[in-house]
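Peer 1: Pasting a predicted model and its sequence here:
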Amino acid sequence: MLLANFSGHPLEAGLDEAGRGCLAGPVFAAAVILPADFNPRFLNDSKQLSAKRRDALRPEICAQAVAWAVGQASVEEIGSINIAQASYLAMHRAVAALPLTPDHLLVDGNRFRAVAGIAHTCVVGGDGLYRHIAAASVLAKTFRDEHMAALAAEFPEYGWEQNAGYPTAQHRSAIRAHGPSPHHRMGFRLL
């Protein structure tokens with residue numbers, strides 16, 4: 001069973017990103033503050049859920065969260081500042097977009113660049129331990145997948161509606177055949 005809180009602060013936000021290991025597209029992040037009693041049956045790390053389950057959880061999270069927001073960092077920003085810093089930037093943008101200021105940030109992973117004035121704690125595997133980080137992982141993943149599916153309409157040869165820009169054999173084969181798109185991360189090993 002996932003835990004509700006780490007710090008004891010009622011306005012603790014869970015933070016997670018999606019798309020860090022992709023070859024194409026922006027990196028997305030979400031910040032989520034949940035009510036203490038929010039505990040849907042299938043909530044878990046988004047990587048442990050089917051797309052159907054993630055898509056079913058998203059509106060429930062959005063409707064019942066105390067606050068939530070999504071941020072992103074572009075392919076150009078990833079190329080300019082590196083993927084780790086771009087992930088932090090996307091997380092900072094998600095926190096800044098929240099309609100209220102959290103008392104504490106609980107971040108999935110082992111590193112984070114502090115947000116001025118807000119204490120934070122990093123938890124490796126936090127998306128499988130805490131509800132609000134799991135909720136953030138679901139939002140970051142579903143919003144990013146939706147974005148990549150929209151890009152796939154413009155660049156259908158890469159199969160982004162299925163691989164979301166991750167380095168699958170099919171995606172790499174398409175890069176070999178068609179070359180990179182403007183949405184590919186040129187600083188990454190594409191082939």
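Peer 2: On my side now, so go ahead. This structure is a prediction, so every number in the text was calculated from the model and none was measured.

Peer 1: Partner strands of the helix or strand harbouring residue 107, with direction?
Peer 2: In this structure, residue 107 sits in strand 104-108 according to DSSP states H and E. Strand 104-108 has its sheet partners listed here by DSSP bridges as strand 12-18 (parallel), strand 119-123 (parallel).

Peer 1: Mean neighbour count, those: which tops it?
Peer 2: Neighbour counts (mean count of other CB atoms under 10 Å) averaged over each of those peak at strand 12-18, with a mean of 30. The way it works is simple: take the backbone N, C-alpha and C, and place the C-beta from them, glycine included.

Peer 1: what's near enough to touch residue 97?
Peer 2: Counting by CB atoms under 8 Å, 6 or more residues apart in numbering, residue 97 touches 31, 69, 70, 71.

Peer 1: just checking, what packs against the biggest helix by length in the chain?
Peer 2: Ranked by residue count under DSSP state H, the longest helix found in the chain is helix 131-154. Helix 131-154 sits against strand 12-18, strand 27-33, helix 51-64, strand 67-73, strand 104-108, helix 160-163, with contacts defined as 3 or more CB pairs under 8 Å, 6 or more residues apart in numbering; DSSP states H and E.

Peer 1: now the second one, how far from the chain's geometric center?
Peer 2: Right, strand 27-33. Strand 27-33 has its C-alpha centroid displaced from the chain centroid by 5 Å (CA atoms, centre = their mean, to the nearest Å).

Peer 1: That one vs helix 131-154, what angle?
Peer 2: Relative orientation of strand 27-33 and helix 131-154, computed by axes from the mean of the first three to the mean of the last three CA atoms, to 10 degrees: 150 degrees.

Peer 1: relative orientation of strand 27-33 and strand 67-73 in degrees?
Peer 2: Strand 27-33 and strand 67-73 are oriented at 160 degrees to each other (the same axes, to 10 degrees).

Peer 1: Now strand 27-33: average pLDDT?
Peer 2: Per-residue pLDDT values across strand 27-33 average out to 98.

Peer 1: swap in the fourth one?
Peer 2: Strand 67-73 comes out with an average pLDDT of 98.

Peer 1: Tell me the strands beside that strand, with direction?
Peer 2: Sheet pairing of strand 67-73 (DSSP bridges) gives strand 27-33 (antiparallel).

Peer 1: Make a markdown table out of the helices and strands packed on helix 131-154 and add distance to residue 120.
Peer 2: Formatted as a markdown table, the helices and strands packed on helix 131-154 follow (distance: least, CB to CB, whole Å):
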| stretch | distance to residue 120 |
| --- | --- |
| strand 12-18 | 8 |
| strand 27-33 | 11 |
| helix 51-64 | 21 |
| strand 67-73 | 15 |
| strand 104-108 | 4 |
| helix 160-163 | 32 |
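
Peer 1: Cool, thanks, signing off.
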